[in-house]
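S.K.: coordinates only, sequence not included:
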């Protein structure tokens, strides 16, 4: 989009979607950029439904849990927060008043940094409204129904989503991994507690399941936008 077209669109008070990814290991079968792929696909579908603009993706996030696995790039919380705060503040300076920060990565610290960035941007820019969510807030609503309740990172639901959204990026392995580390303990799991960057049984994964999951995610995101960020 060129500058003058952007200027004209701003006058109509558009929603801007800021996708956020993470570069982290997702087992031997999914790409390092799985979170970015999912966030961008969801952003495209939501934007079509609510006539939104999509900002360029923030491709890196905070992923300390997977740092010991090859390929993971994990920003500090302060670096992520500062970068996203700057992006949100600049969008506000340009006249944008409604922003959805849509993360494909759901790690707690990562999401806390995004929410803190949004909070600071909103306080600095009266009239700015921001919603921060991860599409996995909605994916995991399906645990216990379309997957075991224990399904998680790079597991059945995520593998199925990638098979639906970007099948060319999914390898043939279908790992089965149990994360034995208590969520109440700080730090990452040891190799004995978490031997691969996967949580769950990926063997039943299918593109059909992935399409159902993605439809649910898009519907719930659109519902949230219309409720919390009306024009």
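M.R.: That came through, no problem. Not measured: the values here are computed from a predicted model.

S.K.: and the longest helix for this structure?
M.R.: With secondary structure taken from DSSP state H, the chain has its longest helix at helix 207-228.

S.K.: buried set for that one?
M.R.: 209-210, 212-214, 216-218, 220-222, 224-225 (16 or more other Cβ atoms under 10 Å). The C-beta positions use only the backbone N, C-alpha and C, and glycine is treated the same way.

S.K.: and the residues you listed as a markdown table, adding distance to residue 36?
M.R.: Formatted as a markdown table, these follow (distance: Cβ to Cβ, whole Å):
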| residue | distance to residue 36 |
| --- | --- |
| 209 | 21 |
| 210 | 17 |
| 212 | 22 |
| 213 | 17 |
| 214 | 15 |
| 216 | 20 |
| 217 | 15 |
| 218 | 17 |
| 220 | 20 |
| 221 | 16 |
| 222 | 21 |
| 224 | 21 |
| 225 | 20 |
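
S.K.: check contacts around the residue nearest the centre of the chain.
M.R.: Per Cα atoms, centre = their mean, the C-alpha nearest to the average position across the chain is that of residue 104, at 1.3 Å. By Cβ atoms under 8 Å, 6 or more residues apart in numbering, residue 104 lies in contact with 19-22, 34-40, 42, 134-136.

S.K.: could you rerun that using 10 Å?
M.R.: Residue 104 sits next to 19-22, 33-43, 57, 61, 134-136, 139, 158, 161 when contact means Cβ atoms under 10 Å, 6 or more residues apart in numbering.

S.K.: where along this protein do the helices fall?
M.R.: For the chain, the helices defined by DSSP H cover 3-10, 34-50, 77-93, 108-124, 136-139, 156-165, 207-228.

S.K.: ok, residues contacting the fifth one?
M.R.: The contact list for helix 136-139, computed with Cβ under 10 Å, 6+ apart, reads 35, 38, 42, 103-107, 111, 146-147, 151-153, 157-158, 160-161, 213-214, 216-221, 223-224.

S.K.: if I read this right, residue 220 contacts residue 140, doesn't it?
M.R.: No - using Cβ atoms under 10 Å as the test, residue 220 is too far from residue 140 to be in contact (11.1 Å).

S.K.: and residue 145, how far from residue 209?
M.R.: Per Cβ to Cβ, to the nearest Å, residue 145 is found 11 Å from residue 209.

S.K.: list the contacts for residue 79?
M.R.: Counted by Cβ under 10 Å, 6+ apart, residue 79 has contacts 60, 62, 113.

S.K.: tell me the contacts of residue 215?
M.R.: The neighbours of residue 215, taking Cβ under 10 Å, 6+ apart as the test, are 45, 164.

S.K.: please apply the same query to the one 3 residues further on.
M.R.: Under the criterion of Cβ under 10 Å, 6+ apart, the contact partners of residue 218 comprise 41, 42, 43, 44, 45, 46, 48, 49, 135, 138.

S.K.: what of residue 84?
M.R.: Counting by Cβ under 10 Å, 6+ apart, residue 84 has contacts 18, 20, 58, 61, 101, 103, 113-118, 120-121, 132.

S.K.: so for it, what pLDDT did the model give?
M.R.: Residue 84 carries a pLDDT score of 98 in this model.

S.K.: I'd like to know how many residues surround residue 117.
M.R.: For residue 117, the neighbour count with other Cβ atoms under 10 Å is 24.

S.K.: next up, the contacts around residue 231.
M.R.: Residue 231 neighbours (Cβ under 10 Å, 6+ apart): 12, 13, 14, 15, 50, 51, 97, 98.
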